[in-house]
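Asker: Structure here, sequence nowhere to be found:
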């Protein structure tokens, strides 16, 4: 496989037509070797329009979803990011190119350790990886963030991660159950005021720990 051409095709034929038009974000996607973060038996599908399985409970987001969420978040170099669901570490590494620092939480210690090795191999130094169950909420310190990226779906949006946002901060989240899921950006306009923008319809696996909740209607 011609990796360079496959990477270009992913940007031109998947990400840009689907609304991932941000030049800076797409350059960040190009700069991180996605193929290094894909399990060996999926190397030939590193740039395919699919969610690549990492374990029986975790998948990589498809390239077009990654591109679209980065476009919508419009992350700036001085901003701090909290990522919920490290997975392979690929999106973590991409985020690190766009912001001041990334803190990423992962429930699966093996996945987190693998991501740590890949990120270290790329000499990325502004990423902190944490192991924990984000479905129960997460707070290690009094730190607030400018951006929160939730890489799985949740049955219903709650204030679970909103209190971690600075004013002006944004959350990317996919809300819903079954086939009725919608990707959204929620912006904190002031201490008690929020704005929600729907982006696109999609389907993602539910966050580990919230699977039972997903069986109920909200």
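Answerer: Perfect, I can see it now. Since the model is a prediction, treat every value here as computed from it, not as a measurement. Numbers count the residues shown, from 1 in each chain.

Asker: Name the SS class of the residue nearest the centre of the chain, please.
Answerer: Centroid-nearest residue in the chain: residue 151, 4.1 Å away (criterion: CA atoms, centre = their mean). The three-state assignment at residue 151 reads strand, by DSSP: H, G, I helix; E, B strand; the rest coil.

Asker: mind listing what it touches?
Answerer: If a contact means CB atoms under 8 Å, 6 or more residues apart in numbering, then residue 151 has 61, 83-85, 87, 91, 204 as its contacts. For glycine as for every other residue, the C-beta is placed from the backbone atoms N, C-alpha and C.

Asker: Can you redo those as JSON lines, where the extra columns are pLDDT and neighbour count?
Answerer: Below are these laid out as JSON lines (pLDDT from 0 to 100; neighbours: other CB atoms under 10 Å):
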{"residue": "61", "pLDDT": "97", "neighbour count": "23"}
{"residue": "83", "pLDDT": "96", "neighbour count": "27"}
{"residue": "84", "pLDDT": "95", "neighbour count": "25"}
{"residue": "85", "pLDDT": "96", "neighbour count": "24"}
{"residue": "87", "pLDDT": "97", "neighbour count": "25"}
{"residue": "91", "pLDDT": "98", "neighbour count": "27"}
{"residue": "204", "pLDDT": "94", "neighbour count": "21"}
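
Asker: ok, the helix or strand where residue 196 lies: who's next to it in the sheet?
Answerer: Taking DSSP states H and E as the criterion, residue 196 maps to strand 194-201. Strand pairing for strand 194-201, determined by DSSP bridges: strand 180-188 (antiparallel).

Asker: And the partner strand, how far out from the chain middle?
Answerer: Centroid separation between strand 180-188 and its chain, computed with CA atoms, centre = their mean, to the nearest Å, is 13 Å.

Asker: Can you pick out the most distant pair from the contacts of residue 151?
Answerer: 83 and 204 (14.4 Å; CB to CB).

Asker: so what's the nearest residue to residue 170 once chain neighbours are set aside bridging to?
Answerer: Spatial nearest neighbour of residue 170, excluding adjacent residues (CB to CB, 6 or more residues apart in numbering): residue 187 at 5.1 Å. Taking DSSP bridges as the rule, residue 187 bridges to residue 170, residue 195.

Asker: Quick check: buried residues in the longest helix belonging to the chain?
Answerer: In the chain, taking DSSP state H as the definition, the longest helix is helix 109-121. Buried residues in helix 109-121, counted by 16 or more other CB atoms under 10 Å: 111-112, 114-116, 118-119.

Asker: ok, those residues vs residue 174, which is closest?
Answerer: Among these, residue 111 lies closest to residue 174 (CB to CB), at 19.4 Å.

Asker: The longest helix of the chain packs against which elements?
Answerer: Applying 3 or more CB pairs under 8 Å, 6 or more residues apart in numbering; DSSP states H and E, we find helix 109-121 packed against helix 90-98, strand 101-106, strand 127-131.

Asker: For my notes, please list these in a markdown table and give distance to residue 9 for each entry.
Answerer: Formatted as a markdown table, the helices and strands packed on helix 109-121 follow (distance: least, CB to CB, whole Å):
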| stretch | distance to residue 9 |
| --- | --- |
| helix 90-98 | 17 |
| strand 101-106 | 27 |
| strand 127-131 | 28 |
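
Asker: closest to residue 137 out of the ones you listed?
Answerer: Residue 137 lies closest, by CB to CB, to one member of these: strand 101-106, at 10.6 Å.

Asker: Nice, that's everything, thank you.
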